[in-house]
Structures are given as structure tokens and as C-alpha cells.
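Participant: any chance you could fold what I've pasted below:
(chains A and B)
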Number of protein chains: 2
Amino acid sequence: MIHVYTGNGKGKTTSAIGLSIRTAGYGKKVLFTQFVKDMEYSEIKILKTILNIEYKRYGKGCFISRDPDDEDIQLIKNGLKEIKDLIEKNDYMLVVLDEVNIALKYNLLTLEDLKFFFNIYKDNLNKDLVLTGRYAPEELIEIADLVTEMKEIKHYFNDGILARDGIER
Amino acid sequence: MIHVYTGNGKGKTTSAIGLSIRTAGYGKKVLFTQFVKDMEYSEIKILKTILNIEYKRYGKGCFISRDPDDEDIQLIKNGLKEIKDLIEKNDYMLVVLDEVNIALKYNLLTLEDLKFFFNIYKDNLNKDLVLTGRYAPEELIEIADLVTEMKEIKHYFNDGILARDGIER
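Facilitator: Next up, the predicted model:
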């Protein structure tokens, strides 16, 4: 099944982490990958210690303060290739592409580049794929089997509070 | 800070798990508690192995097919008491009350019963409380510092697909 976690609220990446913990707890293998993010958040320390979870990160930072460049595109391209190789060699029940929607939004990759994944996971009850990030494009929502919009109703960021270690990263 | 994860979409409990993993990865203590749920989902096997996370469950099942009874109320009452004792004795950075919104919805407890928590966590940048579950009441949304609505845009349950181990539980 293909899951999309999108929207402007808190809870997209943490949901993907939680689902990974659930699948790993069920005794099945998980590949958790992150795009765009340039640092390992606090949770990664734990994910790396869990036997059933494999972690990979591709990217050199977000695009709030700069435009993406050729190196960003190359990192994502190499990442997708490595993920495909890993999927072909391993029996993952769950694969997470964290923040991949941001890469789509900034045209660092296209839905065509993700066709390999859609062919495996669409309508497949035995294997799940999670794509997270704001701005999931309408065509991806069409393709997905499950879409949750994490909708911000209220957030302390709007009161000038900054991201905190252990809570936002 | 007080977080509420509500709405009819997938991702409320998994977000709370993911946040717990993040806080634990940051080296801080977490108390993860569950109400209403009568079984340990797959993720609990992993949570219990993580040094910084303490896990407690209070309840004997959901109220889809039955009405809550006195035993449900007593279990929740005892649970809240134990949680308060644990909070007073331990320096948790994060406390999760998973599915507590359901207990509120079914009048198994009132917002007044949660006042102890609100006094500690409201506007507190150093300690966070997460309340999850559908049907968060309006008064709780008023009190919270952060509210995300996990909104179902699309779900395979609507195509007759049943909950799967390792993904939904």
C-alpha cells in the first residue's frame, strides 16, 4: 500500500517513525530513508540501534533559504538508485521516503522517477511505502492508497517559539 | 507544551511513538501511556526495549461494540493516579496519554481530572505532554499549545481492507 503523510501540521515524519517502530516490532524489515534533510535528527540515534530498521539519508539541507542546485539533484538521484537496489536485495515490509514530497515540489525528481515504487506498492497488502512531506502533488494523492493530511489547527511556532531539540528535531 | 493529535486519519498514535523515539534519542526520559486499548500493539515490543522509555497501559478495550462500564472508569482512574505518581518521581521530558481523547469522549474522565497535567505542561518549553485520539473536545483544543488534525483524505479501509498487523497494530 502507498501512504502519503502531508499537510502543514506537526506529525508527518514522527508518524513515519512510529509506523517503522510498529513494523519492526512485528518482526519485519524496514528501510527508512530521508531526503533533503541535512542533519540526523535525535530519533535517528534510536532507529540505528533497532535490528530490523535500516537507515539512509540523501541530501544536504532544506530549501527555505536557498534554491536547490545540481548537487541536490545528484544526491537524490543516487539515493533513489541505492534504495531500488536495497529493495531488490531485501524483503522489506515497509519503506519510508521521508520528505520526498519536498523533493517533488522543488522538481528535484518527478513522479516518473518514482514509478518503480508505485509498481511494487500500489494495492499491495503485503508491502507498504510511506511518502512524507508538505505539498504532496495532486497526482501523488491520486496514486496513493492512503492519504492523511496533518493539518495545523494550532502551533506554538506561531507564537514565536523556535524548534526544540528532542521535540522538533 | 501540550500537544493534541486528533482527527479521523491514520497517524495519531504513530506520531506519538515517533516523538517518543525522538525525545529518547535526545537522551531524555519518556513516559508513554495508553488508555482504552486492550492489547499491546507491535510497536510496544520495541518501546519496552528502549532505555529512556517507560510504558504503561490502562484499559480493557475500545467502545465500538460495547458501552464503557465501571471497570473501565476504575482502570482509567487508577491509571491517572499512577501516572501522576510517576511524573512526581521522575524527570520526564515527554509524557504521552495515547487515546485519552476517547476516554474524554466517553465521559470516562473529565478535563478537570487532567488539570494536574495542564498546570505542569501548559506554556512549558522544557516538558511536553501529548494527548491523542479522535474527538478531542473543543475545550481541550483551547487549552493546548499545539493541535494537529490528522485528516483522512483517503484510506484503504473504505475499500473494505481490514487492519493489518505491523501496519495498523
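Participant: look up the residues forming beta bridges with A:Y92.
Facilitator: A:Y92 has these beta-bridge partners by DSSP bridges: A:K29.
Participant: and it, what is it in contact with?
Facilitator: Applying C-beta atoms under 8 Å, 6 or more residues apart in numbering or on different chains to A:Y92 gives the contacts A:28-31, A:54, A:86, A:127. C-beta: built from backbone N, CA, C; applies to glycine.
Participant: what's the single longest strand in chain A?
Facilitator: Assignment by DSSP state E gives strand A:146-154 as the longest strand of chain A.
Participant: can you give the contact residues for it?
Facilitator: For strand A:146-154, contacts defined as C-beta under 8 Å, 6+ apart pick out A:1-12, A:15, A:136, A:141, B:7, B:9-11, B:15, B:141, B:144-156.
Participant: give me the pLDDT value at the residue positioned nearest the centre of chain A.
Facilitator: By C-alpha atoms, centre = their mean, chain A has its centre lying nearest to A:D98, at 1.2 Å. pLDDT recorded at A:D98 is 97.
Participant: re the thing from before, most neighbours, which of the contacts of A:Y92?
Facilitator: A:V30 (27 neighbours; other C-beta atoms under 10 Å in any protein chain shown).
Participant: quick one: buried residues of stretch A:6-20?
Facilitator: Residues A:6-7, A:9-20 are the ones in stretch A:6-20 that count as buried (16 or more other C-beta atoms under 10 Å in any protein chain shown).
Participant: sorry, back to before: could you find the closest non-adjacent residue to the residue nearest to the centre of chain A?
Facilitator: Counting by C-beta to C-beta, 6 or more residues apart in numbering or on different chains, the nearest residue to A:D98 once its immediate chain neighbours are dropped is A:Q34, at 4.3 Å.
Participant: quick check: phi and psi at the residue nearest to the centre of chain A.
Facilitator: phi -70, psi 130 (degrees, to the nearest 10).
Participant: give the contact list for it.
Facilitator: Counting by C-beta under 8 Å, 6+ apart, A:D98 touches A:13, A:16, A:32-35, A:37, A:130, A:132-133.
Participant: and which of these is nearest to A:E43?
Facilitator: Distance to A:E43 across these (C-beta to C-beta) is lowest for A:T13, with 8.2 Å.
Participant: touching chain B at all, the helix or strand harbouring the closest one?
Facilitator: Using DSSP states H and E, the element containing A:T13 is helix A:12-25. Yes. Looking at helix A:12-25 against chain B by C-beta under 8 Å from any C-beta of the partner chain, the contacts come from A:12-19, A:21-25.
Participant: same check, this time on stretch A:119-126
Facilitator: Yes. Shown here: stretch A:119-126 in contact with chain B (C-beta under 8 Å from any C-beta) through A:L125.
Participant: buried residues, that stretch. List them.
Facilitator: Buried residues in stretch A:119-126, defined by neighbour count with 16+ other C-beta under 10 Å: A:Y121.
Participant: the spatially closest residue to A:I83 that is not a sequence neighbour: what secondary structure?
Facilitator: Distances taken as C-beta to C-beta, 6+ apart place A:T33 nearest to A:I83, at 5.7 Å, with adjacent residues excluded. Each residue gets one of three states, and A:T33 gets strand by DSSP: H, G, I helix; E, B strand; the rest coil.
Participant: and A:T33, how many residues sit next to it?
Facilitator: Using other C-beta under 10 Å, A:T33 is surrounded by 20 other residues.
Participant: how about the contacts made by it?
Facilitator: A:55-58, A:79, A:83, A:95-98.
Participant: okay, buried residues for the longest helix along chain A please.
Facilitator: As assigned by DSSP state H, the longest helix anywhere in chain A is helix A:70-89. Across helix A:70-89, burial judged by 16+ other C-beta under 10 Å covers A:72, A:75-76, A:79-80, A:83, A:87.
Participant: what do you get for stretch A:142-159?
Facilitator: Residues of stretch A:142-159 classed as buried: A:143-156 (neighbour count, 16+ other C-beta under 10 Å).
Participant: stretch A:50-64 too?
Facilitator: Buried, per 16+ other C-beta under 10 Å, within stretch A:50-64: A:50, A:52-55, A:57-59, A:63.
Participant: among those, which are within reach of chain B?
Facilitator: Near chain B, by the rule C-beta under 8 Å from any C-beta, you find A:I50 out of the buried residues of stretch A:50-64.
Participant: adding pLDDT and secondary structure as columns, could you present the buried residues of stretch A:50-64 in CSV?
Facilitator: What follows is the buried residues of stretch A:50-64, written out as CSV (pLDDT from 0 to 100; DSSP: H, G, I helix; E, B strand; the rest coil):
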residue, pLDDT, secondary structure
A:I50, 97, coil
A:N52, 97, coil
A:I53, 98, strand
A:E54, 98, strand
A:Y55, 97, strand
A:R57, 95, strand
A:Y58, 93, strand
A:G59, 86, coil
A:F63, 72, coil
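Participant: which of the buried residues of stretch A:50-64 lies closest to chain B?
Facilitator: Nearest to chain B among these is A:I50, at 6.4 Å by C-beta to the nearest C-beta.
Participant: I appreciate the help and will end here.
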